[in-house]
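Asker: Sequence first, then the predicted structure:
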Amino acid sequence: MIKIAPSILSADFCNLERDIHRIRTADMVHVDVMDGAFVPNITIGVPVVKSIRKHTDMFLDVHLMIEKPVRYIDAFCNAGADLLSVHLEADHPTRIAEALKAMEANGVKKAVALRPITSAQAVLPYIEQLDMVLVMTVEPGFGGQAFMTHQLETIRQVREIINKYNPACDLEVDGGINPETAKQVVAAGANVLVAGSSVYGAPDIELAIETLRV
């Protein structure tokens, strides 16, 4: 089953509760946290995640695009995240391992994320303990970017690794997802699709979500 995770990065932040309610037919809410250091943009943090949690019981898929994420794992868990993704490029491997241990201790699902510059093999030290791997098909930092076709090979390679070492692990793809690219990433092995502008920019949001389920 294909899961859809609309990104609230494309929502109206002045009407966030309304816009989360508008994606109620999706499987989860994708929350992009950016610190202005790991990526050249600043979005939201712990207080907003805490507020979102108060207004929805949807699964909160929180994507940490921040440096040294281990510092904030407990805070985002306490704020109500159901899953946290940390970028393998954001810290030393030992600290990424510590971040995953902190998620485990908090009872939150664990994921690692890969920028387009990172090879699929980078997930190997962590794969057996993960609930999800997130492959970026744009450079993280801004919504509305064009899909990077060459990342289809990374998706295929990550799917092979998942099938070999942890078949229960989800494979999420984020960046430039629309009805056309959704078919490509699913064919490559993805089963969780993040979409921002193609959902929130659609005249019929529920129809846009269903269309992405390919």
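Answerer: The structure has been received and is ready for your questions. Residues are numbered from 1 along each chain as shown.
Asker: Who is the residue nearest the centre of the chain paired with across the strands?
Answerer: Centroid-nearest residue in the chain: His63, 4.9 Å away (criterion: Cα atoms, centre = their mean). With DSSP bridges as the criterion, His63 is bridged to Asp32, Ser85.
Asker: which regions of this protein lie under the pLDDT threshold?
Answerer: Per-residue confidence of the chain (counting by pLDDT under 70) places the weak regions at 143.
Asker: And the helices in it?
Answerer: Listed in chain order, the helices of the chain (DSSP state H) span 16-21, 46-55, 73-79, 93-106, 151-165, 179-188, 197-200, 205-212.
Asker: need these in JSON lines with distance to Val112 and mean neighbour count, can you?
Answerer: C-betas here are computed from N, CA, C, even on glycine. Shown next, in JSON lines, are these (distance: least, Cβ to Cβ, whole Å; neighbours: other Cβ atoms under 10 Å):
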{"stretch": "helix 16-21", "distance to Val112": "25", "mean neighbour count": "15"}
{"stretch": "helix 46-55", "distance to Val112": "19", "mean neighbour count": "15"}
{"stretch": "helix 73-79", "distance to Val112": "13", "mean neighbour count": "19"}
{"stretch": "helix 93-106", "distance to Val112": "7", "mean neighbour count": "16"}
{"stretch": "helix 151-165", "distance to Val112": "10", "mean neighbour count": "18"}
{"stretch": "helix 179-188", "distance to Val112": "18", "mean neighbour count": "18"}
{"stretch": "helix 197-200", "distance to Val112": "24", "mean neighbour count": "22"}
{"stretch": "helix 205-212", "distance to Val112": "23", "mean neighbour count": "18"}
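Asker: Nearest to Asp32 among these would be which one?
Answerer: Closest to Asp32 of the helices of the chain, according to Cβ to Cβ: helix 46-55, at 10.9 Å.
Asker: contact partners of that closest one?
Answerer: Counting contacts by Cβ atoms under 8 Å, 6 or more residues apart in numbering, the residues outside helix 46-55 that touch it are 8, 16-17, 20, 29, 31, 33, 60, 62, 72, 75-76, 79-81.
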